[in-house]
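A.B. asks: Mind looking at a prediction? Sequence and model below.
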Amino acid sequence: MPSSTGDVLLVGSVPFDTVDEVIRTCAGSLGARAYAFPDGEIGHRRNWIQALPHLTYSKNPDLDPIRVVAPEDVKNPPNHDPELMKATRGTFKLKAGVTETTLDLPYGREAINSYGIYKRLRDEGRVAPGVPFQVSLPCTVDGTVGFFPDPADHPVVMRAYERAIQRNISDILQHIPAEDLVIQWDYCSEVLDIMGARRKYLDGKSGIEQLTQEDAIRKYTSPEYLTPMTETIPETVPMGYHLCYGTWGGWPMTEVDDLGLCVRLSNDLSANTPRRVDFFHLPAMREADEAFFRPLRNLNIGGAKIFLGIELADGVNEMMRRADAARKFLPNFGVAHYCGYGRETPERVRELLTDIAEGADRLAG
């Protein structure tokens, strides 16, 4: 069973230059409050899935490039400008006659290297005992569809991604003990497709399937979609989902009126994932009030822990206002930033870590 008891979830990205600095800073600010410590998704991974064209797809001999992305565009992404973001999104197509391919994803290697740094810092006493190391992985649609404009390529590339993720997970499990590990699935493009929000941020050749909301929910919460990603993760490793409204072009990509959709998705993900789900991250809006959080009373997720993204960079008092509204429908929950910290400056992140630590203490008190 999960051993981590921390009440603050770090979603993944932290805009520092090294893994050492990420873990030192987060551990120094949060201590045992943290559920787990990520490596910050530094370097080329700073812009989340935009690392894949440079690190994976451009090196695959079965693919032809359509739009080439420069490495510096990945490490220094445009600042929330959707048109510039489109221009720096690498796209590809399968070569004629290719019906199967193999992908070399970076997540296993990066996790193993970062775990070595985490373990050293823990041995030095800089990481609180019992706070594990977190690996965040993009779900299959996140890591594939937006980079392949031709829908005919999607089945081949998605199956290749599933196999590659399973290999990455196997490598991670060989090098990181289960008691030291937490795995988070970044469930973002799925939410955006369900809300109809992603197509407008991609060009007309994006290849995104047009589905009704009900069909999209069924597709992205089906056992057929979830099983290849999660079936090889043992029950001894805590695993959860980060639901996201997207930061491409500025957060959120689409406003929501309440947590109804996220609650429904959490219930369906919990029911259809072939192993236990240990936590969910559900982001809030700045103006969230009691009506926004009321759907929390409909959660049906077994013993999974909820982390509410109620820290929205507007101060501890506003965070606590949202917490008070949420507690009317869910008495116990952890807290988090609305997404990763990757789009913030390092100086601002230090301030936000202080805010969320204070908020967590006030909630616990």
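C.D. replies: Alright, I've got the coordinates. Numbering: from 1, shown residues only.
A.B. asks: Could you pull out the helices in the stretch 1-150 of the chain for me?
C.D. replies: 19-30, 52-55, 71-75, 82-87, 107-123, 140-144 (DSSP state H, counting those that start in this stretch).
A.B. asks: Distance to residue 216, mean neighbour count and mean pLDDT for these - can I get that in JSON lines?
C.D. replies: Placement of C-beta: from N, CA and C, glycine included. Shown next, in JSON lines, are the helices of the stretch 1-150 of the chain (distance: least, CB to CB, whole Å; neighbours: other CB atoms under 10 Å; pLDDT from 0 to 100):
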{"stretch": "helix 19-30", "distance to residue 216": "34", "mean neighbour count": "20", "mean pLDDT": "97"}
{"stretch": "helix 52-55", "distance to residue 216": "22", "mean neighbour count": "23", "mean pLDDT": "91"}
{"stretch": "helix 71-75", "distance to residue 216": "28", "mean neighbour count": "16", "mean pLDDT": "56"}
{"stretch": "helix 82-87", "distance to residue 216": "22", "mean neighbour count": "15", "mean pLDDT": "54"}
{"stretch": "helix 107-123", "distance to residue 216": "25", "mean neighbour count": "18", "mean pLDDT": "97"}
{"stretch": "helix 140-144", "distance to residue 216": "10", "mean neighbour count": "24", "mean pLDDT": "95"}
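A.B. asks: who's residue 282 bridged to?
C.D. replies: Counting by DSSP bridges, residue 282 is bridged to residue 308.
A.B. asks: That one against residue 259, yeah?
C.D. replies: Yes. Between residue 282 and residue 259 there is a contact under CB atoms under 8 Å: 5.9 Å.
A.B. asks: Using TSV, lay out the helices of the stretch 1-150 of the chain together with distance to residue 244.
C.D. replies: TSV is the format used below for the helices of the stretch 1-150 of the chain (distance: least, CB to CB, whole Å):
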stretch	distance to residue 244
helix 19-30	20
helix 52-55	17
helix 71-75	19
helix 82-87	16
helix 107-123	17
helix 140-144	9
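A.B. asks: Would you tell me which of the ones you listed gets closest to residue 321?
C.D. replies: helix 19-30 (21.7 Å; CB to CB).
A.B. asks: Which secondary structure elements does that closest one sit against?
C.D. replies: In this structure, helix 19-30 makes packing contacts with helix 107-123, helix 346-364, judged by 3 or more CB pairs under 8 Å, 6 or more residues apart in numbering; DSSP states H and E.
A.B. asks: Make TSV out of these and add distance to residue 267.
C.D. replies: Below are those laid out as TSV (distance: least, CB to CB, whole Å):
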stretch	distance to residue 267
helix 107-123	28
helix 346-364	24
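A.B. asks: between these, which gets nearest to residue 14?
C.D. replies: helix 346-364 (6.3 Å).
A.B. asks: May I see the buried residues of the closest one?
C.D. replies: 349, 350, 352, 353, 355, 356, 357, 359, 360, 363 (16 or more other CB atoms under 10 Å).
A.B. asks: Same check on stretch 266-286?
C.D. replies: 266-270, 272-273, 276-285.
A.B. asks: What distance do you get for residue 19 to residue 175?
C.D. replies: 15 Å (CB to CB, to the nearest Å).
A.B. asks: immediately after the biggest helix by length in the chain, which helix or strand?
C.D. replies: Across the chain, the longest stretch assigned as helix under DSSP state H is helix 154-175. Note on helix 154-175: by DSSP states H and E, the next helix or strand toward the C-terminus is strand 181-187.
A.B. asks: average pLDDT across that following strand?
C.D. replies: Model confidence over strand 181-187 averages 98 on the pLDDT scale.
A.B. asks: What residues sit buried inside that strand?
C.D. replies: 181, 182, 183, 184, 185, 186, 187.
A.B. asks: Strand partners (parallel or antiparallel) of that strand?
C.D. replies: Counting by DSSP bridges, strand 181-187 is paired with strand 133-138 (parallel), strand 239-243 (parallel).
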